[in-house]
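A.B. asks: Sequence first, then the predicted structure:
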Amino acid sequence: MKEKLLFDKPVGRGESTSKIDFDHKTSGVAFKNSSVKANTVQHSVLMALHKTGLICEEVEEVLGKSHQSVSACLTALKKKGLVYKWGTQKTSTGTPANVWFLTVSGVREVKRWKEMNF
């Protein structure tokens with residue numbers, strides 16, 4: 001059976017979180033595609049952090065996303081064990097902000113996506 005990614009379940013409101021049989025090629029491909037779409041911002045945030053630590057403001061600038069969107073993603077990714085906060089750096093307004101880095105699990109997730117050409 002194919003190894004599942006951490007984001008192998010849809011996350012939208014009312015969507016099923018039941019397990020999918022990845023041995024069935026058609027449903028596995030369709031499900032993989034839908035779960036990637038459901039996690040586009042989380043995927044983008046992880047990819048932005050894959051080489052260096054960034055503060056939320058920097059991730060927002062790199063991705064062109066709102067503060068609310070990026071901040072919510074970072075919180076969700078932290079709960080999933082894919083990112084962690086370490087140290088602070090000043091924002092453009094001079095206030096201190098946490099610097100976010102990938103955990104070992106986060107690095108593995110990015111590596112899997114790169115191998116699958118996401």
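C.D. replies: Everything's here; your move. Numbers count the residues shown, from 1 in each chain.

A.B. asks: where are the low-confidence patches of the protein?
C.D. replies: Applying pLDDT under 70 to the chain flags the ranges 1-39, 117-118.

A.B. asks: Where do the strands of it begin and end?
C.D. replies: 54-55, 83-90, 96-102 (DSSP state E).

A.B. asks: For Pro96, give me its contacts.
C.D. replies: Thr88, Gln89, Lys90 (CB atoms under 8 Å, 6 or more residues apart in numbering). All C-beta spots, glycine's among them, are computed from the backbone N, C-alpha and C.

A.B. asks: Leaving aside the residues adjacent along the chain, what's closest to the last one?
C.D. replies: Okay, so that is Lys90. Pro96 (6.0 Å; CB to CB, 6 or more residues apart in numbering).

A.B. asks: how much space between the one you found and Leu63?
C.D. replies: 22 Å (CB to CB, to the nearest Å).
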